[in-house]
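1. task: produce atomic coordinates for the following.
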Amino acid sequence: MKKTIMLFLIAFVFLNCIFINAQEAEVTGRVTQASDGEPLPGVTVVVSGTTIGTVTDIDGYYSIGLPDDTAVLVFSFVGMQTLEIPIEGRTTIDIEMERELEALEEVIVVGFGT
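-> Reported below is the predicted structural model:
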């Protein structure tokens, strides 16, 4: 009976250690515009090379679980420069995104009338 209880306790402790090590790290932060500090809602935040991702909320905040802390986060938003930020063991990463300026070479306006 004592051996069975002792074996059960050892197995219980061993399995708990495995589950504790398998937990993901979590990174949180806020994404704002570099020009005026306003929050950017709808910014896509993805762990590079995976399908793990999230989107910032209306106040620019995000939270994402990581497979490991050697990952790189990719921030992208229409009209803004895409950023790749290494985690490097941090749990909070705040980002300022800058506008992506692209000039058009030609503009053609076509009008039809009756």
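2. in which helix or strand does the most centrally placed residue in the chain reside?
-> Nearest to the geometric centre of the chain sits Val45, at 3.7 Å (CA atoms, centre = their mean). If you go by DSSP states H and E, Val45 is part of strand 44-47.
3. with just CA atoms, put that strand into CSV.
-> The C-alpha coordinates for strand 44-47 follow below in CSV (Å, rounded to 0.1, in the frame of the first residue of the first chain):
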residue,chain,number,x,y,z
THR,A,44,-1.6,42.2,-37.1
VAL,A,45,0.9,40.7,-34.7
VAL,A,46,2.3,37.3,-35.8
VAL,A,47,5.1,35.1,-34.5
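4. in contact with Asp57, which residues are there?
-> Residues counted as contacts of Asp57 (CB atoms under 8 Å, 6 or more residues apart in numbering) are Pro41. Placement of C-beta: from N, CA and C, glycine included.
5. name the element it belongs to?
-> For Asp57, there is no host helix or strand (DSSP H and E).
6. and the gap between it and Gln33?
-> 16 Å (CB to CB, to the nearest Å).
7. I'm done for today, thanks for sticking with me.
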